[in-house]
Structures are given as structure tokens and as C-alpha cells.
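Engineer: with the input below, show me the fold.
(chains A and B)
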Amino acid sequence: MSQKIKTVKRYGERFQDKLYLPAIYDGVKVTFKHLFDNVTDMNAVDTLEYPEEQPKDISERYRGLHRLTHREDGSEACVACFMCATACPSNCIFIEAEEREDGVDEKRPKSFFIDTLECVFCGYCVEACPCDAIRMDTGIFSLTGNSREDFVMGKEQLLSHKGAFGEENSRART
Amino acid sequence: MSTASVLVAVFSLILGALLALLTIPVLVWLERRIASLIQDRLGPNRTNIFGFRLGGVVQSFADVVKLLLKEEYYPSHIKMGRWLFMLAPVITFSAALLAFMVIPFADTLNIGDEALRIQALPVDFGVLWYLAIGAVGVLGVVYGGWLSHNKYALLGAARAGSMVVSYELPLGLSVLALVVTYNTVDFNAMVQWQSGTFFGFLPAWGILVQPLGGIILIIALFAETNRNPFTVAEGESEIVAGYMTEHTAMKFAMYFMGEYVAMNSASAVIITMLFGGYQLPWVSTEMLLTHFSSFALAVMVVLPVLVGIIIKWMRKNNTVRGSVSTDGGRGFETKVLSSALIIMTLFIEGVFIYLGFFTENILANTLAVALFQIMVFVVKLMLFNIFFIIIRWTVPRFRYDQVQRLGWYYLLPLALLNLLVTAIIVVGVSS
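Structural biologist: Numbering: from 1, shown residues only, chains lettered A, B, ... in the order given. So this is what the prediction gives:
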């Protein structure tokens, strides 16, 4: 039985290859062309000059900072079912529920905290929510603060975030 | 000792120190900018003083401040040879600095009946000085690595030692061939030799007279400066930072700056020995002095064109894209720098009009030619430094046994052959 043997051609045995200098010349030609093109037109260099330039390629599927959505009447859509807190792999959602007295629904969150330092931005809370009350479509990718407390988002703050791609209100029960 | 000789000596010393030390931040900046532009990035361009960013040079000064303010950490496991451990970076740095000091920046000034060298150290055995002092630099590397009591540092030092045995012989032999060709060990005499022509039309530059020896010299000097493709003494992926693993803050900065000073010295030696030094091709110092008015006219035509190109480049490139709301003071900077350049041009034009057409002052003409030659030297130096940098960002590294193979099996026999052929030709021509 004859074995299939593929002989791989070895390069670098010719005199020209061993001389090494022609290869350096070819390499320098490439790098110098890049250098010359970029020096003569610096603004054509395809880099994003953050922070003066902001990214424009944030799509609808981008998981940015969370927000809590509203109902049609402007009140919060969340019913404090704890689904998101249960789904959360990093246990960063802290909800305290209370009874809702205005007749729109039965339950609502008294407080709703997301610790964004713990959050891994996996989006499981968005998947889990039965009321479309929590979303990550704000397009906010940069979060800054001076202390750890600044990164713990409260209910009011989460409700105040605007969706970056339309669809302001909750789509549940409409 | 006349006043003129003292003045020229002090001026040369200051010029040498400035060219060696002030080019360090510029070279670090050039390295980073050129690396990033080759890789289609922008590199450091943000740091500024009152909106003046000068393309980002200010970043290097910020880095120096940062390194000065860093904690001077001293590894506690080093029990013996502390003083040498601290001294090692200084050895490398000062060796590189001293090696630069014998390079002539302009032709010898003939003031009265004195011949004054524009060299920081006015000696006439520059080649020997460079070879001697340049080889000391590696001692700092070896001491630093050895006394770190760290296996990575020791390996780096050992590799640096292996590098020395690889490149020193071809370096010495190629320099010897050049010495035989020029029949001198004085850098300035070498430059004067190169101001003639060769075959009637080629400039008699070393690289054309001695092509093989020149290439071997360039390769050996790349190895001596420890730069790519010969960075064997350090290697992030294999031996961390090599010999400087245990060195922190200013101790590290000394090694780091020493590398750039060494690169600067190597460029200076290459252009002095192979590329006509401070002289333009086909134009010798005597020619400039005898035809001073045409030389003045040529400068007066070329200078505004160059300044115009620089200003045009600045107006196009010292801006931000239309999508960016603020230009961060770039427009103001362009205006100020353009006016400064135009005022400088007008001043130089005025000086040359006066010197070239309204007076016959030999001394002033000599000084003007010397300053012009210094400018030519600096431009050539920077171009060769840029060549060093482009090579670094083009070529992958050699393994250190490959460096030894290259040095011993290829460069050494070639350098010997080159020396033999040169000697035969020189003897044949002179007899």
C-alpha cells in the first residue's frame, strides 16, 4: 500500500532568499508606502478619534446600559415579578416590591437597583422580562463615576434613560 | 587659545550635547508615530501645552516627567553588587553619549590662521574612539543583567554578550576597510575625502566606493544598537524585558534613552563614514566658499519652497475630520507655527542677501557655510534615524543563534574578503 506523501516545498533555499536583503527591500517598500500615504493625508487614517468622535456603528442589537420602560400612561411597566433578578447570572438586580394602589396593575417595584459594576451585560434580564419592562437599548456604552455608589442605578435613573432606537414604551399588553 | 577657538569649542560641545540629548524625546516620538502610521494608526497626538501639540512631541516630555516621578523601587533580593547594579544603566547611557561626541557637525573652521574643529571632542582619532567607547556600552547591559539575580535578566545579558562576539569582528573589519580606503582615522578627513567625485559623476560617498563594506557596517551597527532585527537581549515573549527586567523608573529610563542615543550615534557614524557626513553630494566646502553668492541664491530659492511645503502640509494635516466638532486648538497652532516659520524664513533670506551680495566678509561666509552644514548633518541624521525606525517596524527578529551564524559564517568572511580586495586596490592605485 502506497502512502500518500505530499512534499511541502521549502522556501528560503535560493541564493536570493539567503541574501535576505531583497526581502527587506520588499518589506520596506510596503511599510514605506503605508507611512507615506498616511503622512500625506493624516485624516484618511481610519481611526475613531474618541472622544471628539463618537461611534456611529451602535446597532439596535447592541446591549448598552439598561432602562426601565413606561406604559402608555407614563407609569412604570415593571410589575416586580423578580424574573430578571432570578435570571441574572451575576445577581446584580435588587428589587423591593410594593402593592400598586392606582388600579392599573397589582404590583410594582418600590425600589429597583442595578449594580452596573457587577453586571456582565448578558441581556438575560431583558430576555426574562414578561412585561418588556427592562431593556438594554439605550445605546449608552460608556459609564463613568467618581465612586462605587455612582454605578448603582436606582429606579428613577433607570426610568429616565431614553431608548436610542425609537420604541419608547413597553410593548407588552397593547 | 584665542577667543574664537574657545567659543567654537564651547559651541561644539553644546551642539553635541543638544544633538545627542534633545533628539531622545524626538526619536521616541518618531518611533511611536512612525510605528503607528505604518500600521495605519495615529499614535500619540493629544498631549499639549496651551494647545501646542507639535504633532505629539510633548508626549515624550510627559513620559519623562512620569518616569522621574515614579517610585524608585529597589529589588530586595539583590544583596551583592548593588552599586554596580545602579551604575550599569549609566554605563550604557554614557558610553552611547560619548560615542556620539566625536562626530564632526561641520567642516573645520579656518578663522585667522587657526583650524577649529566643530566636534564636541576635537580629536583626530574619531574612528578608534567610536570603536572603543561603543563597545563599552554592552558592559552596562551585561552588568545590569548579571547583577539582577534574575534568570530572565541573566539570559538577556548572556544573549547581549553573544551578540557582541557575533558583530564586533565584522564591524571592526568593515571599518578597517573604510579606514584603508580613506587612509585616515579622522572622521572629518573622511568626510572631506567623500566630497570629491567618483568615476567623474558619482559622489565619492563611502557606500558607493565601498558597497560591500558599507552594507556590512550598517548591519553590524544595527546589531550594536540592539535594534530590530537584532533585538536578542530583550524579548517580551521569551525573556520578559531581558536585561532590564529588574530595573525600574529612571534606571530603566537610562537603558531606554541609551538605546536611542546609541541609535543616534550609529546613524551619525553611518552618515559620516558612508553618506558624506555634513556635505551635500558634489558640493565641497571650498566650492561653497568660493561661489558664495550662488550658494546664497540657491538657499534663498530652496528655503521658501521647503517652508511652503511644510505650511501646506500643516494646513492640510494639522486638522480634524469634518465630523469632529472641535479642532482642539489645532487651527491656532497652525497659524502660530506658520507665522514663526515665515518670520524665520524672511530673517534667513535677509541674512543671505546681505552676505551674498552686499559684503565680502570671509568670516561671516565661513560661519554661514558651517551653519548650513550643521543643518545638512541634522537632516541626514534624522533621515537615517527614520530609516532605523522603518526597519524596526518592517523586519521580524533573528534568533540569537541565527545572529551568530550571520556574523561568523557570512559577514566575517565577506568583511575579510572586502578588506583584502580593498587593500590590493589601494596598494595598486598608490604605487
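Engineer: every contact and neighbour count from this point should use C-alpha atoms.
Structural biologist: Will do.
Engineer: tell me which helix or strand the residue of chain A found nearest chain B sits in.
Structural biologist: Nearest residue of chain A to chain B, counting by Cα to the nearest Cα: residue A:35, 4.7 Å away. Assigned by DSSP states H and E, residue A:35 falls within helix A:21-40.
Engineer: report the contact partners of the nearest residue to residue A:70 once chain neighbours are set aside.
Structural biologist: Nearest in space to residue A:70, with sequence neighbours left out and distances taken as Cα to Cα, 6 or more residues apart in numbering or on different chains, is residue A:76 at 4.5 Å. Taking Cα atoms under 8 Å, 6 or more residues apart in numbering or on different chains as the contact definition, residue A:76 lies against A:68, A:69, A:70, A:108, A:133, A:159.
Engineer: same check, this time on residue B:303
Structural biologist: residue B:345.
Engineer: which strand runs longest in chain A?
Structural biologist: strand A:107-115 (DSSP state E).
Engineer: where along chain A do the strands fall?
Structural biologist: With DSSP E as the criterion, chain A has strands spanning A:67-68, A:93-99, A:107-115, A:134-135, A:152-153.
Engineer: run through who's touching the second one.
Structural biologist: Right, the one you point to is strand A:93-99. Residues contacting strand A:93-99 (Cα under 8 Å, 6+ apart): A:80, A:82, A:84-85, A:106-115.
Engineer: check the offset of it from the chain's centre.
Structural biologist: From the chain centre to the centre of strand A:93-99 is a distance of 26 Å (Cα atoms, centre = their mean, to the nearest Å).
Engineer: any idea whether residue B:115 is helix, strand or coil?
Structural biologist: strand (DSSP: H, G, I helix; E, B strand; the rest coil).
Engineer: state the number of residues packed around residue B:20.
Structural biologist: Using other Cα atoms under 10 Å in any protein chain shown, residue B:20 has 21 neighbouring residues.
Engineer: wait, residue B:115
Structural biologist: The burial count for residue B:115: 12, using other Cα under 10 Å.
Engineer: which phi and psi does the residue lying closest to residue B:188 once chain neighbours are set aside have?
Structural biologist: Of all residues not flanking residue B:188 in the chain, residue B:104 sits nearest, at 5.9 Å (Cα to Cα, 6+ apart). Phi and psi for residue B:104, reported as degrees, to the nearest 10, are phi -80, psi 130.
Engineer: from residue B:379, how far off is residue B:104?
Structural biologist: 14 Å (Cα to Cα, to the nearest Å).
Engineer: so which elements touch the helix or strand hosting residue B:64?
Structural biologist: Element membership for residue B:64 (DSSP H and E) is helix B:58-69. The helices and strands touching helix B:58-69, judged by 3 or more Cα pairs under 8 Å, 6 or more residues apart in numbering or on different chains; DSSP states H and E, are helix B:23-38, helix B:249-274.
Engineer: and stretch B:395-403, which residues are buried?
Structural biologist: Neighbour-count burial for stretch B:395-403 flags B:395, B:397, B:400, B:403 (criterion: 16 or more other Cα atoms under 10 Å in any protein chain shown).
Engineer: if you drop the residues flanking it in sequence, what lies closest to the residue in the stretch 1-150 of chain B positioned nearest to chain A?
Structural biologist: Minimum separation of the stretch 1-150 of chain B from chain A (Cα to the nearest Cα) falls at residue B:38, amounting to 4.7 Å. Of all residues not flanking residue B:38 in the chain, residue A:35 sits nearest, at 4.7 Å (Cα to Cα, 6+ apart).
Engineer: try residue B:4
Structural biologist: Counting by Cα to Cα, 6+ apart, the residue nearest residue B:4 is residue B:111, at 7.6 Å.
Engineer: ok, that neighbour - how many residues close by?
Structural biologist: By other Cα under 10 Å, neighbour count at residue B:111 equals 14.
Engineer: tell me which element residue B:364 is part of?
Structural biologist: Counting by DSSP H and E, residue B:364 is part of helix B:362-392.
Engineer: picking that back up, dump the contacts of residue A:76 to TSV, plus neighbour count and distance to residue A:94.
Structural biologist: Formatted as TSV, the contacts of residue A:76 follow (neighbours: other Cα atoms under 10 Å in any protein chain shown; distance: Cα to Cα, whole Å):
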residue	neighbour count	distance to residue A:94
A:68	24	14
A:69	27	17
A:70	20	19
A:108	21	13
A:133	24	15
A:159	19	15
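Engineer: same for the helix or strand where residue B:404 lies, what does it pack against?
Structural biologist: Taking DSSP H and E as the definition, residue B:404 sits inside helix B:400-405. Contacts defined by 3+ Cα pairs under 8 Å, 6+ apart place helix B:400-405 against helix B:151-182.
Engineer: from the contact counts, what lies against the helix it packs on?
Structural biologist: Secondary elements touching helix B:151-182 (3+ Cα pairs under 8 Å, 6+ apart): helix B:126-146, helix B:187-194, helix B:211-224, helix B:236-239, helix B:400-405, helix B:412-430.
Engineer: dump those into JSON lines; add mean pLDDT as well.
Structural biologist: Output for those, formatted as JSON lines (pLDDT from 0 to 100):
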{"stretch": "helix B:126-146", "mean pLDDT": "86"}
{"stretch": "helix B:187-194", "mean pLDDT": "84"}
{"stretch": "helix B:211-224", "mean pLDDT": "88"}
{"stretch": "helix B:236-239", "mean pLDDT": "78"}
{"stretch": "helix B:400-405", "mean pLDDT": "84"}
{"stretch": "helix B:412-430", "mean pLDDT": "88"}
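Engineer: re earlier: between the contacts of residue A:76, which is nearest residue B:292?
Structural biologist: Residue B:292 lies nearest to residue A:159 out of the contacts of residue A:76, by Cα to Cα, at 79.9 Å.
Engineer: contact partners for that closest one?
Structural biologist: Residue A:159 neighbours (Cα under 8 Å, 6+ apart): A:67, A:68, A:69, A:70, A:76.
Engineer: sorry, back to before: near the residue of chain A closest to chain B, how many other residues are there?
Structural biologist: 20.
Engineer: which ones are touching the closest residue in space to residue B:229 that isn't next to it in sequence?
Structural biologist: Closest residue to residue B:229 apart from its sequence neighbours, by Cα to Cα, 6+ apart: residue B:397 at 4.3 Å. Residue B:397 sits next to B:228, B:229, B:230, B:231, B:232 when contact means Cα under 8 Å, 6+ apart.
Engineer: neighbour-wise, which of the residues you listed leads?
Structural biologist: Ranking the contacts of residue B:397 using other Cα under 10 Å puts residue B:232 first, with 27 neighbours.
Engineer: any low-confidence regions in chain A?
Structural biologist: Within chain A, the stretches with pLDDT under 70 are A:1, A:173-174.
Engineer: what does the domain assignment say about it?
Structural biologist: For chain A, automatic domain parsing gives the domain ranges A:10-46, A:67-160.
Engineer: how long is the longest one end to end?
Structural biologist: End-to-end distance of domain A:67-160: 8 Å, with Cα to Cα as the criterion.
Engineer: what of the shortest one?
Structural biologist: Start-to-end span of domain A:10-46 (Cα to Cα) is 37 Å.
Engineer: pull out the buried positions in that domain.
Structural biologist: Neighbour count says domain A:10-46 has A:27, A:28, A:31, A:32, A:34, A:35, A:38, A:39, A:42, A:43 buried, by 16+ other Cα under 10 Å.
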